[in-house]
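Chemist: build the 3D model from these lines:
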Amino acid sequence: ELNTAVDRDGIWFVMIEVSTSDAKASAVFEMKVQEPNPMLPILTLGALIAFLIILGMSARAWVREYRKKSN
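Modeler: Model (predicted):
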């Protein structure tokens, strides 16, 4: 696994070469690099916050019912 940054949009070709004492092999991968959509992280954060709010409200209602039954 490799994480790398590229500084320009467009089509990139990446060549990977592996060599051992027995043999040598290479592969070329084509990647299309484009600017990330800024809305995706914002929507993901919004969905996470909404989920946590719903989870918190559900837990709060459950605790109220649990306390009501135990009294």
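
Chemist: which parts of the chain are strands?
Modeler: Under the criterion DSSP state E, the chain contains strands at 10-19, 24-33.

Chemist: nearest to residue 55, out of those?
Modeler: Across these, the minimum distance to residue 55, taken as C-beta to C-beta, is reached by strand 24-33, at 36.9 Å. In this view, the C-beta of every residue, glycine as well, is placed from N, C-alpha and C.

Chemist: rounded mean pLDDT for the closest one, please.
Modeler: Per-residue pLDDT over strand 24-33 has a mean of 95.

Chemist: run a quick neighbour tally on the closest residue in space to residue 26 that isn't next to it in sequence.
Modeler: Distance criterion C-beta to C-beta, 6 or more residues apart in numbering; nearest residue to residue 26, sequence neighbours excluded, is residue 17 at 4.4 Å. Neighbours of residue 17 under the rule other C-beta atoms under 10 Å: 9.

Chemist: residues making contact with stretch 30-37?
Modeler: 6, 8-14 (C-beta atoms under 8 Å, 6 or more residues apart in numbering).

Chemist: ok, now with 10 Å
Modeler: 5-14, 43 (C-beta atoms under 10 Å, 6 or more residues apart in numbering).

Chemist: give me the number of residues near residue 71?
Modeler: Neighbour count for residue 71, taken as other C-beta under 10 Å: 4.

Chemist: where does it land on pLDDT?
Modeler: 70.

Chemist: again with residue 18
Modeler: As predicted, residue 18 sits at a pLDDT of 95.

Chemist: ok, it - contacts?
Modeler: Contacts of residue 18 (C-beta under 10 Å, 6+ apart): 24-27.

Chemist: which among the contacts of stretch 30-37 count as buried?
Modeler: Among those, not one counts as buried by 16 or more other C-beta atoms under 10 Å.

Chemist: for the residues you listed, which one is nearest residue 62?
Modeler: Once C-beta to C-beta is applied, the member of these that ends up nearest residue 62 is residue 43, at 28.5 Å.

Chemist: what sits against that closest one?
Modeler: residue 37.
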